[in-house]
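Student: Compute the structure for the input listed below.
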Amino acid sequence: MGFTETTPTEEFSNWTKHVTVKNTGDFACFVRVKALAGEKYQDGLQYIDSDGKWTPGEEGYYYYSEPVAPGESSSVLDIKIDSKDTEDSFNVVVVQESTKVLYNEKNEPYADWTQIADTSETAGE
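Tutor: Prediction:
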């Protein structure tokens, strides 16, 4: 039968999380990502997409514009963190979700986000 599963990867440098999502499942999928930093830091998050494939959308998510094939990964979405010059410790949690690719009557791919296939979170600096 198969499944849709994704794995987020984060690298952290210079107050920026570099996020990609890999499709480790059996079907192509669409992915979306958002970061949660707590009330004090949330407004200071800046999303940077050098490839032009991530688009801001509903509920604070950034949506990847292309289906991600099995075994493949999305391009990098950078999430720059403004520490507000604090010495307090805090986490930025990255949430990602995926949904299996569906096709309309013209055989064009689309996402139905009411049918989330995979959700995961990673916490970091």
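Student: quick one: what helix or strand has the spatially most central residue of the chain in it?
Tutor: Geometric centre of the chain, nearest residue: V33, 2.3 Å, by CA atoms, centre = their mean. Take DSSP states H and E as the rule and V33 turns out to sit in strand 29-36.
Student: after that strand, next one along is what?
Tutor: helix 39-42.
Student: ranges for the strands of this structure?
Tutor: Along the chain, the stretches classed as strands by DSSP state E are 6-13, 16-23, 29-36, 46-48, 54-56, 62-64, 77-80, 92-100, 102-103, 109-110, 118-124.
Student: Of all the ones you listed, which one is nearest G71?
Tutor: strand 16-23 (6.7 Å; CB to CB). Where you see a C-beta, it was placed from the backbone N, CA and C, and this is true even at glycine.
Student: could you give the mean pLDDT of that closest one?
Tutor: On average, the pLDDT along strand 16-23 is 95.
Student: got any ranges where the protein has weak pLDDT?
Tutor: 1-2, 84, 86-89, 118-125 (pLDDT under 70).
Student: ok, T6 touching V21?
Tutor: Yes: T6 is in contact with V21 according to CB atoms under 8 Å; the separation is 5.2 Å.
Student: who touches both of those two?
Tutor: Both T6 and V21 are contacted by V31, V68, Q96, S98, under the criterion CB atoms under 8 Å, 6 or more residues apart in numbering.
Student: Check the gap between the last one and K106 for me.
Tutor: It refers to S98. Relative to K106, S98 is positioned 23 Å away (CB to CB, to the nearest Å).
Student: Neighbour count for those two, which is higher?
Tutor: S98 (28 against 5; other CB atoms under 10 Å).
Student: If E97 is in a bridge, with which residues?
Tutor: Beta-bridge partners of E97, counted by DSSP bridges, are R32, T119.
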